[in-house]
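S.K.: whatever this is, show me its structure:
(chains A and B)
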Amino acid sequence: TQLLEQSPQFLSIQEGENLTVYCNSSSVFSSLQWYRQEPGEGPVLLVTVVTGGEVKKLKRLTFQFGDARKDSSLHITAAQPGDTGLYLCAGGPNFTNTGNQFYFGTGTSLTVIP
Amino acid sequence: DAGVIQSPRHEVTEMGQEVTLRCKPISGHNSLFWYRQTMMRGLELLIYFNNNVPIDDSGMPEDRFSAKMPNASFSTLKIQPSEPRDSAVYFCASSLIGSAEAFFGQGTRLTVV
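M.R.: Got it, this is the predicted structure:
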């Protein structure tokens, strides 16, 4: 089983602040995804990163994949209450023609206070 | 498309009873995953199917758990007999083989008393 550790586990910040969430593993991943989960709902995909060193931006969210493809970070600029939720990273080490296998990180619960 | 559909949304049952969770994947998807989410352990992969065939069930906690996928549009996860420690939110997700994105249902919140 691939282990993905996220930090911090909980984060509570004021609206307008910046934050960074980290996802680390000792394993190399063919791709890494970030999901956001709201209460009572399933996780929803935000982004997929594939190339080591890749940076992707989604409005105020910036995602980076580590050069060695073992870690990733999510940076949110000027956080808003609508960003509140559980952020999950997921790795797909078994990316073969026989199927996908996604392992999820431990999660970061973000609360943005108005 | 309505997305991944799970039923029921909530289930409360007594210890020892049989519980069956149901999932309808997105039409055309050929991979289906069952996950369990708890505060302590996060999102755990229980089992996944490709083209209706179970590929990896190493995450199934014990023999009380079983999963089937009789056709491309339906899967079940059964717990028999249920125990209080099985209380969790169970998610079903589907994807296309070769895709790096999984689509999740809204989950079934199971409470075993």
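S.K.: tell me who's in contact with B:Gly59.
M.R.: Counting by Cβ atoms under 8 Å, 6 or more residues apart in numbering or on different chains, B:Gly59 touches A:1, B:44-47. Quick note: C-beta positions are derived from backbone N, CA and C, even for glycine.
S.K.: ChimeraX command for the buried members of those residues?
M.R.: Command for ChimeraX that selects the buried part of those, burial taken from 16 or more other Cβ atoms under 10 Å in any protein chain shown:
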select /B:44,45,46,47
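S.K.: counting neighbours, what do you get for the residue in chain A positioned nearest to chain B?
M.R.: Relative to chain B, the nearest point of chain A is A:Gly42 (2.9 Å; Cβ to the nearest Cβ). Using other Cβ atoms under 10 Å in any protein chain shown, A:Gly42 has 23 other residues around it.
S.K.: tally of neighbours for the nearest residue to it once chain neighbours are set aside?
M.R.: In space, not counting the residues next to it along the chain, A:Gly42 is nearest to B:Phe104; the distance is 2.9 Å by Cβ to Cβ, 6 or more residues apart in numbering or on different chains. Per other Cβ under 10 Å, the neighbour tally for B:Phe104 reads 23.
S.K.: ok, what's across the strand from B:Phe104?
M.R.: Beta-bridge pairing for B:Phe104 (DSSP bridges): B:Ala93.
S.K.: test my guess that it contacts B:Ala93.
M.R.: Yes: in this structure, B:Phe104 is within contact of B:Ala93 by Cβ atoms under 8 Å, at 4.5 Å.
S.K.: okay, and the common contacts of those two?
M.R.: In contact with both B:Phe104 and B:Ala93: A:42, B:4, using Cβ under 8 Å, 6+ apart.
S.K.: read off the pLDDT value for B:Gly59.
M.R.: B:Gly59 carries a pLDDT value of 89.
S.K.: quick check on it: phi, psi?
M.R.: According to degrees, to the nearest 10, the main-chain angles of B:Gly59 amount to phi -90, psi -10.
S.K.: element containing residue 48, please.
M.R.: No chain was given, so I picked chain A. strand A:44-49 (DSSP states H and E).
S.K.: my question was about chain B, not that one.
M.R.: B:Tyr48 belongs to strand B:42-50 when assigned by DSSP H and E.
S.K.: C-terminal to that strand, what's the next element?
M.R.: Proceeding N to C from strand B:42-50, the next assigned helix or strand is strand B:53-56, under DSSP H and E.
S.K.: how far off strand B:42-50 does the helix or strand that that following strand is followed by point, in degrees?
M.R.: Downstream of strand B:53-56, the first helix or strand assigned by DSSP H and E is strand B:65-71. When axes from the mean of the first three to the mean of the last three Cα atoms, to 10 degrees is applied, the directions of strand B:65-71 and strand B:42-50 differ by 40 degrees.
S.K.: pLDDT check: weakest of the contacts of B:Gly59?
M.R.: Lowest pLDDT among these: A:Thr1, with 50.
S.K.: and the gap between the residue in chain B that chain A sits nearest to and A:Pro114?
M.R.: Closest residue of chain B to chain A, Cβ to the nearest Cβ: B:Phe104 (2.9 Å). Look at B:Phe104 and A:Pro114: by Cβ to Cβ, to the nearest Å, they are 28 Å apart.
S.K.: so which elements touch the strand holding B:Tyr48?
M.R.: Secondary structure elements in contact with strand B:42-50, counted by 3 or more Cβ pairs under 8 Å, 6 or more residues apart in numbering or on different chains; DSSP states H and E, are strand A:103-104, strand B:31-38, strand B:53-56, strand B:65-71, strand B:74-79.
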